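A.B. asks: Need a 3D model of the following:
(one chain, ligands or ions: 1)
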Amino acid sequence: MRGLSYQELAVRIMTPYVDGAMSEAELTDLVTDAYRDFDHAAIAPLKQLDGSLWFMELFHGPTLAFKDYPLQFLGRAFDHVLARRGRRVTIVGATSGDTGSAAIEACRDRDAIDIFMLYPNGRVSEVQRRQMTTVDAANVHALAIEGTFDDCQDLVKAMFNDTPFRDDMDLSAVNSINWSRIMAQIVYYFHAALSLGAPDVAVQFSVPSGNFGNVFAAYAARQMGLPVDQLIIGTNVNDILTRFFDSGVLETAPVKPTISPSMDIQISSNFERLLFDLYDRDGGLLNEAMEKFRTEGRLAVGDNRWQQVKSLFVARRIDDARTREEIDRVYKETGELIDPHSAIGVAAARDARRDVKLPTIALGAAHPAKFPDVVEDASGVFAPLPHRLADLYERQEHFTVLPNDLAQVQAFVRDHAKSGAAA
Ligand SMILES: *Cc1c(COP(=O)(O)O)cnc(C)c1O
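C.D. replies: As a prediction, the model looks like this:
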């Protein structure tokens, strides 16, 4: 696999997973198209931070965060399969920031998809809002809900639970437990490791984590045979993952707002995938454990299972002060500006890498210009938007403000989706 382009590698990695669902030629077309507009020829370039610490820039897609890497592919794959089946879907989602814009960019102008993205009015950053509202496409609807992010999520859940509505509208989701997203994320782990000498050299990854999707893709890459010696998880003070890897106990806690908002989560929705392996892929046993976790808010996996994960995973909690220090340090030592989420991965890597002789690759999760205030506050330097988004603040915004009211949101979706009509 060494020497393959990012796109060629993506086809090689994903072919076994789509076996039968589409031909290699179709997959090649989708992949080529998905990464065509990325603004760096390497797609996921590496920068060196110290003797053995590397930084993988995953912000060269349209919305400047790593979620573009899976979602640009997923939007096209959805469209392709739906067109072949003569069907349409209505995607509804709730966002507190990054996911919304990445999903909108992935679905814009797709023939078989309408997308409705709910966000809390006045409670997302201006860059994040503008990335959603300045997309001018007939099938894209940014809905500013007069409520909190939790209200938005509740509205989305309620729409899915309304079976006649769900069926009528062919509702669908592109949330982070969608396997295709994980599958497309596996690619950049191979790409980085191969660039640094794998499979002859083993590597370590450090991943700033929230829902556990990104780092699960690293784990999956290892299961596929990539020599990964250690997986370092960086969390902010919303540290359910750090507490788990420190103790073997998974326990929820209330969410605290931080300067890395895309990692402000209470429960990591993809974590069940790792537990599935830990429970020997016994679905019944895992279900029992998850049921206990849901009712009691706490799950102890037992010493054996804990030892098993500890040999591969280590996690570190990085608070806001340390995050700012790390942004400043990287800028002073290398001249690179990094965003707060990425800084958590870099700081965790410095603290926890087992072998400083092996390459450690920290993930660059978002472009620093998405969080200009925090970055400037920490480093004294303003991070300008890249060329392609330089006029973001001048672009026309399109959005609809709606009350936190299920009936009114549903009426809007009904009136503006083409799904119901076509079906
Ligand atoms: C989504 C996101 C994360 C968290 O990734 P998970 O896959 O949910 O663990 C971290 N940083 C940024 C910038 C994100 O957008």
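A.B. asks: so how far does stretch 365-375 reach from one end to the other?
C.D. replies: 14 Å (CA to CA, to the nearest Å).
A.B. asks: for stretch 265-280, same thing?
C.D. replies: With CA to CA, one end of stretch 265-280 sits 27 Å from the other.
A.B. asks: Show the average pLDDT along it.
C.D. replies: Mean per-residue pLDDT for stretch 265-280: 92.
A.B. asks: Touching that stretch from outside, list them.
C.D. replies: Applying CB atoms under 8 Å, 6 or more residues apart in numbering, the contact partners of stretch 265-280 are 175-177, 182, 209-213, 216, 219, 238, 240-241, 244, 250, 252-255, 283, 285-286, 289-290, 301, 305, 308-309. Quick note: C-beta positions are derived from backbone N, CA and C, even for glycine.
A.B. asks: Go through these and flag which are in helices.
C.D. replies: Within these, residues falling in helices by DSSP state H are 182, 213, 216, 219, 240-241, 244, 283, 285-286, 289-290, 305, 308-309.
A.B. asks: Who are the contact partners of Ser379?
C.D. replies: Ile327, Asp328, Tyr331, Leu337.
A.B. asks: Name the nearest residue to it, ignoring sequence neighbours.
C.D. replies: Of all residues not flanking Ser379 in the chain, Tyr331 sits nearest, at 4.3 Å (CB to CB, 6 or more residues apart in numbering).
A.B. asks: Show me which residues of the stretch 1-150 of the chain sit near the ligand.
C.D. replies: Ala65, Lys67, Asp98 (CB under 6 Å from any ligand atom).
A.B. asks: Any of those buried? List them.
C.D. replies: Ala65, Lys67, Asp98 (16 or more other CB atoms under 10 Å).
A.B. asks: and which of those is nearest to the ligand?
C.D. replies: Asp98 (3.7 Å; CB to the nearest ligand atom).
A.B. asks: Surely the closest one and His367 touch.
C.D. replies: No - using CB atoms under 8 Å, Asp98 makes no contact with His367, being 10.8 Å away.
A.B. asks: Can you work out which residues contact both of those two?
C.D. replies: Counting by CB under 8 Å, 6+ apart, the residues touching both Asp98 and His367 are Ala65.
A.B. asks: Any idea what the residue lying closest to Phe244 once chain neighbours are set aside is bridged to?
C.D. replies: Computed as CB to CB, 6+ apart, the closest residue to Phe244 that is not its neighbour in sequence is Leu250, at 4.9 Å. Counting by DSSP bridges, Leu250 is bridged to Leu299.
A.B. asks: heads up, I number from 26, so please use that
C.D. replies: Taking 26 as the first residue, the last one we looked at is Leu275.
A.B. asks: Based on its surroundings, how many neighbours for Leu275?
C.D. replies: Using other CB atoms under 10 Å, Leu275 has 23 neighbouring residues.
A.B. asks: Now do the contacts for it.
C.D. replies: Leu275 touches Ile265, Arg268, Phe269, Phe296, Phe318, Arg323, Leu324, Ala325, Val326, counting by CB under 8 Å, 6+ apart.
A.B. asks: Any chance of a PyMOL selection covering the buried ones in these?
C.D. replies: Selection of the buried residues among those in PyMOL, burial being defined by 16+ other CB under 10 Å:
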select buried, resi 265+268+269+296+318+324+325+326
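A.B. asks: Quickly note the distance from the residue positioned nearest the centre of the chain to Val43.
C.D. replies: In the chain, the residue lying closest to the centroid (CA atoms, centre = their mean) is Lys92, at 4.3 Å. Lys92 sits 20 Å away from Val43, going by CB to CB, to the nearest Å.
A.B. asks: I figured Ile211 hits Gln248, correct?
C.D. replies: No - the criterion here is CB under 8 Å, and Ile211 misses it with Gln248 at 9.4 Å.
A.B. asks: So between these two, which is more surrounded?
C.D. replies: More crowded of Ile211 and Gln248, by other CB under 10 Å: Ile211, with 24 against 11.
A.B. asks: Validate this expectation: that one resides in a strand.
C.D. replies: No - Ile211: not assigned to a strand; according to DSSP: H, G, I helix; E, B strand; the rest coil it is helix.
A.B. asks: Spit out the contact partners of it.
C.D. replies: Residues in contact with Ile211 (CB under 8 Å, 6+ apart) are Ile38, Met39, Ala242, Ala245, Ala246, Met249.
A.B. asks: Pull out the buried members of these.
C.D. replies: Ile38, Met39, Ala242, Ala245, Ala246.
A.B. asks: Can you tell me which of the residues you listed comes closest to Pro411?
C.D. replies: Set against Pro411, the nearest of those by CB to CB is Ala242 (24.8 Å).
A.B. asks: Go ahead and confirm that closest one touches Tyr214.
C.D. replies: Yes - using CB under 8 Å, Ala242 makes contact with Tyr214 at a distance of 6.4 Å.
A.B. asks: all strands for the chain, in order.
C.D. replies: Counting by DSSP state E, the chain has strands at residues 71-73, 78-82, 114-119, 138-145, 165-171, 196-197, 228-233, 253-260, 274-276, 323-325, 338-342, 385-389, 425-428.
A.B. asks: Would you tell me which of the ones you listed gets closest to Ala102?
C.D. replies: Comparison of the strands of the chain against Ala102 by CB to CB identifies strand 138-145 as nearest, at 11.2 Å.
A.B. asks: re earlier: distance of the residue nearest to Ser404 from the ligand?
C.D. replies: 18 Å (CB to the nearest ligand atom, to the nearest Å).
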